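Trainee: missing the sequence, but the structure's below:
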Ligand code: SAH
Ligand code: SF4
C-alpha cells in the first residue's frame, strides 16, 4: 500500500470501489458504506464508521484525508443570502453563495480561481485565470456550506456552477464533482437540481451532451447579434451565436426539462426593443427557457442597469411569444454577491482575518 495520503473527495464511487478492491481487498459494499458515511451523513471520522471492521478502518485512516475549505470570510445579506469566501489549496480564495429565494435556497459554487473568458461585464472576468479547481476543492465548498448551514437551520435544494470561473473550461474537475453530487451513493441530488452554466464553449457542450454525466445546462447568451456579443464576450469570436444555438439544440434534456438561456441585460446595449424581438425569434423551436438578469452594477464596469419596468416589459413580451421567461433580480446586493466580486475586493485589501460582516 502506498504511503501517500489520498484526497477522498477526488474519488468517484467506481474509482473508490476499484481502489478498495485492489489495495485493500475490500468488497464493493465497503465503497457504498464509505460514500454513505461521508456524503449522506457528513461523517469523515473513521472511528464513527462502526459498520466497518476496526482493522479496515485503521488502514483506511492511514490512507485517506478529507480536506476542508476554511471560511476566510462570510457575509450575510439583509435578504438572507450568504456569501462565503473559502480558502482552498495554495491559499487561493474562491466564493460560494447561498442564495435565498422565496421558499428554497440555491447554492452557487466556483469552478476556477478567476476566469480566462474575459467577459466585459463580469468582475471575475477582470481577474484573468489563475487555475482550475480540483474536484475536491469544488466539493469542499459544498461540504463547507452544508456544515455552516447548521448554524442557520437551513439547507439548499439546488446547486448551480455560477460562481467564479467557466465550468466547462474545467471540464474534468466539474463533471467529476457533478458525478458525486448526483451519484445515488453520493449526495444523490437529482440532475435537474444541479446546473452547469457556460459562457458557450461549443465543443465542451457537445462533449458534455455525449458523456454519461447527467446535469442541467444554462448558457450565457447575453446578446442577439454577433456584433454585440463579440463586443462584450470575446468567446463569441470563436463560437458565434448560430453555432452555440446549434449545440443547445443537440443537448439532451429530459421530458419537461429545458436548457436555461441566460441574458444579462446591459442597458441600451443589448436590451433594445429590436433585441427583444430578435431574442424571441432566435429561441423559437429550441428546448429553452430564458432567465433575464439585469446587469448588477456592483461590478462597476461601466454598463447600465435597465429600468425595472423595462425588464418586466421584456418578460411579458417573451411570454406572449410562448417563451418561458424569468427575472433574476440580484440577491445580496448589500454584501456584493455579484459574480467574482468578493474575491477581487479581498485581494485588494490583502489578507483579511476571518470575520463576519453582517450587512445591516
Ligand atoms: N462562466 C459561467 C458561469 C459563471 S457567470 C457563465 O458565464 O455562464 C454566471 C452568470 O453571471 C452568467 O450568466 C453571467 O453572464 C452573469 N454575470 C456576470 N457578471 C454579471 C453582472 N455584473 N451582472 C449580472 N450578471 C452577471
Ligand atoms: Fe467567466 Fe462567466 Fe464571468 Fe464570463 S461571465 S468572465 S465566463 S465567469
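Mentor: Arrived safely. Note that the structure is predicted; figures quoted are calculated from it, not measured. Residues are numbered from 1 along each chain as shown. Ligands and ions are numbered 1, 2, ... in the order given.
Trainee: Run through the strands of the stretch 251-360 of the chain in chain order.
Mentor: Applying DSSP state E, counting those that start in this stretch to the stretch 251-360 of the chain gives strands spanning 259-265, 288-294, 325-327, 355-358.
Trainee: Show me the contact partners of the shortest one.
Mentor: Right, the one you point to is strand 325-327. When contacts are defined by CB atoms under 8 Å, 6 or more residues apart in numbering, strand 325-327 is touched by residues 289, 290, 291, 292, 293, 294, 311, 312, 314, 315, 318, 319. Heads up, the C-betas are built off the backbone N, CA and C, glycines and all.
Trainee: Bridged to the first one, which residues?
Mentor: Pointing back at residue 289 there. Beta-bridge partners of residue 289, counted by DSSP bridges, are residue 260.
Trainee: For the stretch 101-250 of the chain, which residues are neighbours of ligand 2?
Mentor: 115, 117, 118, 119, 122, 124, 125, 165, 166, 199, 220 (CB under 6 Å from any ligand atom).
Trainee: Please check those and keep the buried ones.
Mentor: Neighbour-count burial (16 or more other CB atoms under 10 Å) applied to those gives 115, 117, 118, 119, 122, 124, 125, 165, 166, 199, 220.
Trainee: hang on, the fifth one packs against residue 115?
Mentor: I take that to be residue 122. Yes. When contacts are counted by CB atoms under 8 Å, residue 122 is listed as touching residue 115 (7.4 Å).
Trainee: Look up how far ligand 2 lies from residue 241.
Mentor: From residue 241 over to ligand 2 the distance is 16 Å, taken as CB to the nearest ligand atom, to the nearest Å.
Trainee: Got the confidence number for residue 349?
Mentor: At residue 349, the model reports a pLDDT of 44.
Trainee: Read off the pLDDT value for residue 185.
Mentor: On the pLDDT scale, residue 185 gets 95.
Trainee: wait, what's in contact with residue 32?
Mentor: The neighbourhood of residue 32, defined by CB under 8 Å, 6+ apart, consists of 13, 185.
Trainee: before we move on, what SS does it have?
Mentor: Under DSSP: H, G, I helix; E, B strand; the rest coil, residue 32 falls in the helix class.
Trainee: ok, it to residue 39 distance?
Mentor: 11 Å (CB to CB, to the nearest Å).
Trainee: between these two, what contacts are shared?
Mentor: Common neighbours of residue 32 and residue 39, using CB under 8 Å, 6+ apart, are residue 185.
Trainee: Would you map the helices across the stretch 1-150 of the chain?
Mentor: 13-24, 28-35, 54-61, 123-127, 135-149 (DSSP state H, counting those that start in this stretch).
Trainee: Relative to residue 160, which of these is closest?
Mentor: helix 135-149 (11.8 Å; CB to CB).
Trainee: Quick one: list the elements packing against the helix or strand following the closest one.
Mentor: Downstream of helix 135-149, the next assigned helix or strand under DSSP states H and E is strand 158-161. Applying 3 or more CB pairs under 8 Å, 6 or more residues apart in numbering; DSSP states H and E, we find strand 158-161 packed against strand 105-108, strand 194-198.
Trainee: Output those strands as JSON lines; include the columns mean neighbour count and mean pLDDT.
Mentor: Shown next, in JSON lines, are the helices and strands packed on strand 158-161 (neighbours: other CB atoms under 10 Å; pLDDT from 0 to 100):
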{"stretch": "strand 105-108", "mean neighbour count": "22", "mean pLDDT": "96"}
{"stretch": "strand 194-198", "mean neighbour count": "23", "mean pLDDT": "97"}
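Trainee: Now render those strands as JSON lines, adding distance to residue 248.
Mentor: Formatted as JSON lines, these follow (distance: least, CB to CB, whole Å):
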{"stretch": "strand 105-108", "distance to residue 248": "22"}
{"stretch": "strand 194-198", "distance to residue 248": "10"}
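Trainee: Residue 149 contacts residue 157, correct?
Mentor: No. Residue 149 is beyond contact range of residue 157, at 11.8 Å (criterion: CB under 8 Å).
Trainee: what about these two, which has more around it?
Mentor: Neighbour count, other CB atoms under 10 Å: between residue 149 and residue 157, residue 149 has more, with 16 against 13.
Trainee: what about the residue nearest to residue 43 when sequence neighbours are not counted, how many neighbours?
Mentor: Spatial nearest neighbour of residue 43, chain neighbours left out: residue 37 (4.6 Å); criterion: CB to CB, 6 or more residues apart in numbering. When counting by other CB under 10 Å, one arrives at 19 neighbours for residue 37.
Trainee: From ligand 2, how far off is residue 37?
Mentor: The value you get for residue 37 to ligand 2, if CB to the nearest ligand atom is used, is 34 Å.
Trainee: What residues does residue 11 make contact with?
Mentor: Contacts of residue 11 (CB under 8 Å, 6+ apart): residue 19.
Trainee: got the contacts of strand 325-327 as a markdown table, with pLDDT and neighbour count columns?
Mentor: Shown next, in a markdown table, are the contacts of strand 325-327 (pLDDT from 0 to 100; neighbours: other CB atoms under 10 Å):
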| residue | pLDDT | neighbour count |
| --- | --- | --- |
| 289 | 97 | 17 |
| 290 | 98 | 23 |
| 291 | 97 | 18 |
| 292 | 97 | 22 |
| 293 | 96 | 20 |
| 294 | 95 | 23 |
| 311 | 98 | 20 |
| 312 | 98 | 12 |
| 314 | 98 | 23 |
| 315 | 98 | 18 |
| 318 | 98 | 22 |
| 319 | 98 | 13 |
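Trainee: Check these one by one and keep those near ligand 1.
Mentor: Near ligand 1, by the rule CB under 6 Å from any ligand atom, you find residue 293 out of the contacts of strand 325-327.
Trainee: ok, so of the contacts of strand 325-327, who is nearest ligand 1?
Mentor: Checking these against ligand 1 with CB to the nearest ligand atom, the nearest one is residue 293 at 4.6 Å.
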